[in-house]
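[1] Fold the following.
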Amino acid sequence: MRQTLISLLEPSIMALGYELVELEFNAHRGGGTLRIYIDLPGGETEGHRVTVDDCAAVSRMASEMLDAADPIRSEDRKSTRLNSSH
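    Here you go, the predicted structure:
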């Protein structure tokens, strides 16, 4: 599942101008938690760092892509939390 999610999301994360650092999917009964860790290519520099707005943009994009591709069964996704962080 992890590699499927990386293959699905990484190109779009890169297109938004971020690097996918890590992706974790922890399934549990009735849902799960998907955590996406991002950074700027080359890491943080003076005055340039990942913001809450950046995380929100990646989260929205990932949510739309997961809805369209449905790699996590629809019934499980209803209670799956999506977290983006730096």
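
[2] I'd assumed residue 34 was in a strand, is it?
    Yes - under DSSP: H, G, I helix; E, B strand; the rest coil, residue 34 falls within a strand.

[3] gap between it and residue 45?
    28 Å (CB to CB, to the nearest Å). The C-beta positions use only the backbone N, C-alpha and C, and glycine is treated the same way.

[4] okay, these two: which has more neighbours?
    Taking neighbours as other CB atoms under 10 Å, residue 34 and residue 45 compare with residue 34 leading, 25 against 8.

[5] The more buried one is in contact with residue 27, isn't it?
    No - Residue 34 is beyond contact range of residue 27, at 9.5 Å (criterion: CB atoms under 8 Å).

[6] lowest-pLDDT helix or strand in this protein?
    Across the helices and strands of the chain, mean confidence by mean pLDDT, DSSP states H and E is lowest for helix 74-77: a mean of 50.

[7] Mind checking the pLDDT average for stretch 32-48?
    Throughout stretch 32-48, pLDDT has a mean value of 85.

[8] May I see the buried residues of that stretch?
    32, 34, 36, 37, 38, 39 (16 or more other CB atoms under 10 Å).

[9] can I have it written out in CSV, keeping just the CAs?
    Taking Å, rounded to 0.1, in the frame of the first residue of the first chain, the C-alpha atoms of stretch 32-48 are listed here in CSV:
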residue,chain,number,x,y,z
GLY,A,32,-6.5,4.6,9.2
THR,A,33,-4.1,7.5,9.2
LEU,A,34,-2.1,8.7,6.2
ARG,A,35,0.8,11.0,7.1
ILE,A,36,2.6,12.9,4.4
TYR,A,37,5.9,14.6,5.3
ILE,A,38,7.1,17.2,2.9
ASP,A,39,10.0,19.6,2.5
LEU,A,40,11.3,22.1,0.1
PRO,A,41,13.8,20.8,-2.5
GLY,A,42,17.2,21.3,-0.9
GLY,A,43,15.7,21.8,2.5
GLU,A,44,14.9,25.0,4.3
THR,A,45,16.9,28.1,3.5
GLU,A,46,16.9,31.6,5.0
GLY,A,47,13.4,32.9,4.7
HIS,A,48,12.1,29.9,2.9
